[in-house]
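Trainee: Return a 3D structure for these sequence lines:
(chains A, B and C)
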Amino acid sequence: MSLIPAALATATVLGVAGAPAGLVLPPRVRGWVVGVLTAGVGVAGGTAGVAALGGSRWSAEVPGLLPLAGTHLAVDALSGLFMAVAGAVVAAVAVYGIGYVTGHGSHGSYGLGSRGAQAVLPLFALSLLLVPAAASVSTFLLLWELMALTSLLLVLAEHRARPAVLQAGVWYAVMTHLGLVLLLAGLSVYAAQAGGETFAALRAGTAGISPTLRGLVFVLTAVAFTSKAGLVPLHAWLPRAHPEAPSAVSALMSAAMVNLGVYGLVRVGFDLLGGGPAWWWLLVMAMGGLSAVYGILQAAMASDLKRLLAYSTSENMGLVVLGVGAAGLFAHAGNDAPAGLALAAALLHVVNHSAFKALLFGAAGSVLRATGERNLDLLGGLRARMPVTAGLFAVGALGAVALPPGNGFISEWLLLQSMIHGLEVPGVTTAIVLPLAVAVIALSAGLAAAVFVKALGVGFFARPRGEPATAAKESPPLMLAGMGLLAALCAALALVPGLLGGGLDRAVEAAGLTGTRPVAGGGLRVRLEEVSATLSPLWVIAALVVALGSVMATVNWATRRRQRRTQARLWDCGGGAPTPRMAYTATSFAEPLQRVFDDVLAPEQDVDVTPVRESAYLVERVEFRNRVPDRIEHRLYQPVLDLLAAAGQSARRLAGGSVHTYLGYGFVGLITLLVVLVVGW
Amino acid sequence: MNTVGYAAIVLQVGAVVAGAPLLTGLMRQTRARLEGRAGAGVLQPWRDVRKLLRKEPITPVGTGPAFRWAPPVLVATSLVLAVLVPLVSTESPVRGRADLIVVVALLALGTVALALAGLDTGTAFGGMGASREMTIAALVEPTILMAVFALSIPAGSTNLPVIVAGAADEPARLTSPAGLLAIAALSVAVLAETGRLPVDNPSTHLELTMVHEAMVLEYAGPDLALVEFGAQLRLTVLLGLLASLFAPWGIATSASSLAAVLLALVLVVLKVAVLGTVLAAAEVFWAKLRLFRVPELLAGSFLLALLAVTASYFMGGEGGQ
Amino acid sequence: MGLLRKIRDTGQVAEPAPPRPEGGVPPQAREFGGSVQVRCVDAGSCNGCEIEIAAAFNPVYDAERYGARLVASPRHADVALVTGPVTRNMAEPLRRTVAAMPEPRLVVAVGDCAINCGEFAGGYGVEGAVSDVVPVDLAVPGCPPRPDEIVAALRRVTGR
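Mentor: From the prediction side, this is the model:
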């Protein structure tokens, strides 16, 4: 019972101690001390989360800590799930970060290793763990903003190296604060109507709020939370900020921070507002489904490894939110079992996604550190040069493609099952929405396979396509150890998802739905009680291993006369050894998909033909450019940005430089104020 | 029941393993006869496998574990499929494991392994084949999933033996609009998944028109034997799945006698042979589609599958009320 | 429907199989056991032999019924059918092609040019006969050889 406060207090102390340590200590020990402290924050916070998943609850009020409102903290199983995930990711990434900062390497430890970044890192980790523990609007918003600011500072860590970092920082700063404004507005209205700002008061006061206002609160907060989760249409910051941040930070953001958007959605939508009408959840499902397909399509087109991973985050969060929306829809229809199942599937996918995405970003960081290169078109051949990183990336990719024996498969399987069995919920809406949702999940799973075959096959296999990749060296052991922890987590989730069993159920129940114990049964199988669908990952893996063994044994027996394998040069059509430039690149790999989805992606192609001076028929040079812009961003953001720029331009006319005009503004302002006061508000 | 169940599995896997090359041989022979040829005989694929196993295994320089392990993984996934898919009996000991989504995912796993091997060689053809195969797979896997999902709705489960047993008890499910749409969609998807005409030409010699073949240009000897055998297994299992889903008659639905299982085995061999012959005969009349027309075909079948699902939702809803 | 009627009316056009050719199976080919994958290499031929090879695989001669099949990659092949005198530009590719084939493998020289450069002997672009570049196991003389002669050579390799 006293474990949670003790663990949270430890995490807070370590995190707060980490900040001055990062500021004061000399560079040589800075990375070590901050890394160990951050790992401590992760372990302590994770412990609190696990304890909460185990069924403990805890809440506290610290009156003096914040002016006016005081601090309210509460931990239930729902917060526990997100804290446990964040804690595990933080701990592993902190170990990785020590290697990233202190190990001798060629490219780019300067950003994250700097005084400022090292001071902020423990605070960011702490905020990730504390946000789910907040139990009042002011505490929540304060921690939320702490998380946003610290992550912003960390995104900017490498701003000296690349101008793109600054641009990404501006996008991130603006969008995250727009989200904050929406959140502030939504929660303020909510608190004002409910007559109290603690979550307990909100929960109690919800019944008295008119449906319109409740809808307003939900829409405002849902938009803010889905933006944090990187969902279309407010996703634009994600594919910018994640690639430009140092990789350890990308891992934390993609595997822990975006989760909190889902947490917020579930906490406010289910726990506080207690569910709502169908249109809320259809809206959420639409955003989720759109993000899933659009995110994975953009990932398929990306040749920047980290951008690809960032868009894949958008996709996976889309799938999660699709599940959350379905849960809301089913709950609204009064079918608690399918609702609980859908939410459990969504939460399980959060856990799985965090494990493999942190691993993938870690491996991408390892590549980036060794080569200074993120462009898949110029990578390749890393399997031979960085075998451990390549192997770890393969483990993560296996999780991400949602195929057995990866961990992503289990949660997508459960998600599909929850959609399929949602047909018990009567109504035309479900009959139209659920097939579409299944189609979205199936399509995004199919495309994800293409995406990660591209990332692994083009980035790590074959031969290097550029100088940096040729000279790549394996990363320091601590980085590998951090990734190894995450890989072990992926393997554990893939083999025995039942370990989560009770915790997942308690989290679902904490959100106010019925737990259906989808993950149970000796910790070995995923089982749905109401229908006869079972999945036993261990059985599938064992069957594959047995089949593989018997195939190898048969082949060895049949070829016993010729055991020795001969090396031979690649078949080059007889025309001389193929150069690495002839190998398929990420861009060429994605070209057929680009053609297939031409209408959706609207690629921009540009051909420049320069003829020789003497004759227009003889070509001297042909330049071909192909770019797949983020279409939503173009169509949706550009007009707004243009409008703002135009408004800014015209506002310049107000500031003509004349002191008289400025005095006049003051006078007019004062008069207006007085008139308003006199006439009465 | 257990002995009969295990016997059913052993028989089924044995029949699939022994029959997969024969099915390919039968299809080639059918085609040869329609073209006025004499043909090499149905045993020819088995001779090919025997010959390839006697040849020298080659590791091209610069390839790694992905290249080395893809053929065994492909065959292993196909073998697991051969165990899972209910061809002979719906009451086998693995009936609880034969989940539709697992089956689709295992198919995709084999495809992914081979595509990675194609990229691992680092040749232009390997990459080209991998890229095309993944493009097609990205559209085919969802279609298969949706089509069988449409059939799973009346059964109330994604468990394949339950679906098959349900259809055997209640044949009206298959002749409903949803069932017919699903048949059409699944057939197209199976053609694409197994690399048959009009999606891919398994006997092409021109690299630029290749999909599956381009990925495996570097394989020789026993590795090639595994690749070809794996492709034959997949074709057999998928045609068997089609037969079980849409013509489930004769399948042993109760854990009764060995005789019922043997009868079912004979029937399923016949059904798959007929399907193979029909497919081979149909291929004589088709030309390969341009690669970039293939997605239109697949998108069409995906939409058919989506329609099938929606239709069975509505039908199911009406039936329920 | 037209095609269907044509198939019915044409029936089988493959000629009845002639008796097994003289001469034993070459020693390397013993392991093939009735299955031979063939890769054609045009080392500089006038394309006369190519036409005859194509004819050997057409429905009338149907070399496939003896277990021979044309393949796209030398990695898949057991037999290289080499035609023409080996030109300078094709000498190295020919060596590489044969080297790319897994053991056991055979080289069959098809046509007079492949055997002794024929009409092109002494030409400035000619490196030599096929046997000057890679070891030849079987030769099919003729300018060009008749399809049934090519089929007979392939039958000696497949042993059917």
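
Trainee: residue contacts, A:T514?
Mentor: A:336-337, A:339-340, A:508 (Cβ atoms under 8 Å, 6 or more residues apart in numbering or on different chains). Heads up, the C-betas are built off the backbone N, CA and C, glycines and all.

Trainee: So is stretch C:23-37 next to chain A?
Mentor: No. On the criterion Cβ under 8 Å from any Cβ of the partner chain, stretch C:23-37 is out of touch with chain A, staying 9.4 Å away.

Trainee: Oh, that last question was meant for stretch B:230-241, not what I typed.
Mentor: No. On the criterion Cβ under 8 Å from any Cβ, stretch B:230-241 is out of touch with chain A, staying 9.1 Å away.

Trainee: Contact partners for the residue nearest the centre of chain A?
Mentor: Residue closest to the mean C-alpha point of chain A, counted by Cα atoms, centre = their mean, is A:S254 at 3.2 Å. Contact analysis of A:S254 by Cβ under 8 Å, 6+ apart lists A:242, A:309-310, A:313, A:357-358, A:361.

Trainee: May I ask which two of these are separated the most?
Mentor: The span of these, defined through Cβ to Cβ, is set by A:A310 and A:A358 at 13.1 Å.

Trainee: Chain C contacts on chain B?
Mentor: Counting by Cβ under 8 Å from any Cβ, the residues of chain B near chain C are B:32-41, B:44, B:47-48, B:50-51, B:54-58, B:204-207, B:210, B:213, B:217-221, B:224, B:284-285.

Trainee: so of those residues, which ones are in strands?
Mentor: In this view, these that belong to strands under DSSP state E are B:I58.

Trainee: Identify the residue spatially nearest to residue 146, adjacent ones excluded.
Mentor: Picked chain A for this. Leaving aside its sequence neighbours, A:L146 sits nearest to A:S127 (Cβ to Cβ, 6 or more residues apart in numbering or on different chains; 4.5 Å).

Trainee: could you do chain C instead?
Mentor: Nearest residue to C:R146, sequence neighbours excluded (Cβ to Cβ, 6+ apart): C:E52, at 6.8 Å.

Trainee: and if you look at A:T429?
Mentor: A:T429's closest residue in space is A:A278 (Cβ to Cβ, 6+ apart), at 6.1 Å.

Trainee: List the residues that contact that neighbour.
Mentor: With Cβ under 8 Å, 6+ apart, A:A278 has these contacts: A:329, A:332-333, A:429.

Trainee: coming back round to it: would you agree the residue nearest to C:R146 is in contact with C:D148?
Mentor: No. Here C:E52 lies out of contact with C:D148, judged by Cβ atoms under 8 Å, at a distance of 9.7 Å.

Trainee: who's more crowded, those two?
Mentor: C:E52 (22 against 18; other Cβ atoms under 10 Å in any protein chain shown).

Trainee: Spit out the contact partners of the more buried one.
Mentor: C:E52 is in contact with C:110, C:144-147, C:150, counting by Cβ under 8 Å, 6+ apart.

Trainee: confidence score at it?
Mentor: Per-residue pLDDT puts C:E52 at 94.

Trainee: Next, work out how far apart it and C:E22 are.
Mentor: To C:E22, C:E52 is 20 Å away according to Cβ to Cβ, to the nearest Å.

Trainee: what does A:G318 give?
Mentor: Remark: distance between A:G318 and C:E22 (Cβ to Cβ) = 72 Å.

Trainee: same check, this time on A:P603
Mentor: 63 Å.

Trainee: Which one's more surrounded, those two?
Mentor: Between A:P603 and C:E22, A:P603 has the larger neighbour count (other Cβ under 10 Å), namely 15 against 7.

Trainee: roughly how far apart are the more buried one and chain B?
Mentor: With the distance defined as Cβ to the nearest Cβ, to the nearest Å, A:P603 ends up 14 Å from chain B.
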